[in-house]
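My questions are about this predicted structure, shown below with the sequence.
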Amino acid sequence: MSNVFGPKKPLFGPYTYRVKRNVNDDTLLAVYHGSKRIAHMDAYWAYSVRTFEDREEDVRRYGKGLSCYTDLRTLGAEGKYPNILSVSHAFIDDPAYMGKGIGRAMYEAMMAEGYAVRETRVSGSPGPLFFVPDVCKGVGSTSADALRVWASLGRDYPSAGVVIRVDAPPVVGSRAKANPRRRRRNPDALVGLRLDALAEDFTEKMANGTTAQMRRWAKKHGLTYVGEGESRAVFGHATEPVVIKFVFSSYGQEANQNEARAWREASPNIRKHLVPIVAADPAGRWLVMERVKPMRATQYTEKDALADLQGCGFLDFGRPNFSSDGRMLDYGQHLWFRWSEECRGTSNPRRTRSATRPTGARSRG
């Protein structure tokens, strides 16, 4: 990496950023408030999609971890050398600057810098930029703070899982400029939010807890109680439209791992019937899913959707397991031996146009 930073560029408001690159155009980006450095991140280019393909094979073989190969292909990453920029580290150096939109703006600045040099870099090419976290390659982990940023970017850019596709230079800091006074409802609790530690604390203290105790536990940690089953409990996030599924026991861990695997391996035709998973612990202790409204008693699931899901081994089609728009929100139990190439491929031939009520009992957890 070069020892020389480039000139300051505007981030938003009083904040600026500078970048420096090495000969491979791997990038270190630093954010400043005046002359004080308050945040930084670094990213490097993944020169071959084979790295992600190998990672997916390991995940499929051992049933653990996170792979983004299918997500990259879903978003159109073609050829041997697509433009894949992987974030290695991202930090807010001073906690006083958390909750001000700096994290997201910093990510957008890195996306803009990557997009600008995607064609001129070594092995670069025209076309979109694919922006991914380092965890896609099985390196490191994704913190809860970083997870919020990836979820926020995924709502404004084409995305699949945690992969972001960039088709034009991002407007850096646009969200922060539009909402300069936006604040978290419970900043003290969220600044310290760490899913691994929370999951351990929940399993230890709430394995036999009552609903009232779980509500108090959630409030203490800046979460909201949503519901529970026999092996898992669901909590809402304070600021982002996601829910977190914590487990009571090893059965819950297995359910989380099954859900993560189903979302990871499902074809686009199956994924459209599932509520997306934002991130998941490889050990199954926690899982983060997009938050949706549950299905009401007067709503139904399309028969073609049920046929697709049943054909791929999904179970428990009770109404509480579906969202108001007919997608499955609890799919931790299914029969893997039914997963044909059609389930993992690009199409599923089961199609009808009639509708039916979902049947069966609620999946408890």
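That came through, no problem.

Distance-wise, check the most centrally placed residue in the chain relative to Trp45.
Nearest to the geometric centre of the chain sits Val278, at 2.7 Å (CA atoms, centre = their mean). Val278 sits 25 Å away from Trp45, going by CB to CB, to the nearest Å. To be clear about C-beta, it is placed using only N, CA and C from the backbone, and glycine gets the same treatment.

same check, this time on Gly101
Gly101 is 27 Å from Trp45, where distance means CB to CB.

Next: Val162.
Val162 sits at a distance of 18 Å from Trp45 (criterion: CB to CB).

any weak-confidence spans in the chain?
The chain contains residues with pLDDT under 70 at 1-3, 47-67, 122, 137-145, 174-193, 297-303, 336-338, 345-365.

What ranges does it have for its helices?
50-62, 69-74, 102-117, 144-156, 174-178, 187-191, 195-206, 211-220, 250-265, 268-271, 303-311, 341-344 (DSSP state H).

wait, which of these is closest to Pro95?
Between Pro95 and the helices of the chain, the tightest spacing by CB to CB is seen for helix 187-191, at 6.1 Å.

can you list the domain ranges for this structure.
9-178, 191-356 (automatic domain parsing).

roughly how far is the longest one from the heart of the chain?
On the basis of CA atoms, centre = their mean, to the nearest Å, the separation between the geometric centre of domain 9-178 and that of its chain is 13 Å.

again with the shortest one
Counting by CA atoms, centre = their mean, domain 191-356 is centred 13 Å from the centre of its parent chain.

Please put the alpha-carbon coordinates of stretch 276-287 into CSV.
Provided in CSV are the C-alpha atoms of stretch 276-287 (Å, rounded to 0.1, in the frame of the first residue of the first chain):
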residue,chain,number,x,y,z
PRO,A,276,-34.4,-13.4,2.8
ILE,A,277,-31.7,-14.1,5.3
VAL,A,278,-29.4,-11.2,5.9
ALA,A,279,-26.7,-13.0,7.8
ALA,A,280,-26.2,-16.1,9.9
ASP,A,281,-23.8,-17.6,12.4
PRO,A,282,-22.1,-20.7,11.0
ALA,A,283,-22.7,-22.5,14.3
GLY,A,284,-26.4,-21.6,14.2
ARG,A,285,-26.5,-19.6,17.4
TRP,A,286,-28.2,-16.6,15.7
LEU,A,287,-29.8,-15.8,12.4
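
Can you point out the buried residues in it?
Buried positions in stretch 276-287, judged by neighbour count with 16 or more other CB atoms under 10 Å: Pro276, Ile277, Val278, Ala279, Ala280, Asp281, Pro282, Gly284, Arg285, Trp286, Leu287.

tell me which of those is nearest to Gly127?
The nearest member of those to Gly127, counting by CB to CB, is Pro276 at 24.6 Å.

any idea how far the closest one lies from Lys245?
According to CB to CB, Pro276 and Lys245 sit 13 Å apart.

Tell me the residues that contact both of these two, please.
Contact criterion CB atoms under 8 Å, 6 or more residues apart in numbering; residues shared by Pro276 and Lys245: Met289.

So for Gly101 and Trp45, which residue has more residues nearby?
A direct count of neighbours by other CB atoms under 10 Å for Gly101 and Trp45 places Gly101 higher, at 24 against 20.

pretty sure the more buried one is in contact with Gly173, am I right?
Yes. In this structure Gly101 lies within contact range of Gly173 using CB atoms under 8 Å: 7.4 Å.

can the helices of the chain go into a markdown table with extra columns for distance to Asn83 and mean neighbour count?
Formatted as a markdown table, the helices of the chain follow (distance: least, CB to CB, whole Å; neighbours: other CB atoms under 10 Å):
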| stretch | distance to Asn83 | mean neighbour count |
| --- | --- | --- |
| helix 50-62 | 13 | 16 |
| helix 69-74 | 11 | 22 |
| helix 102-117 | 8 | 22 |
| helix 144-156 | 17 | 19 |
| helix 174-178 | 22 | 15 |
| helix 187-191 | 33 | 15 |
| helix 195-206 | 30 | 17 |
| helix 211-220 | 41 | 15 |
| helix 250-265 | 23 | 21 |
| helix 268-271 | 22 | 20 |
| helix 303-311 | 33 | 20 |
| helix 341-344 | 26 | 15 |
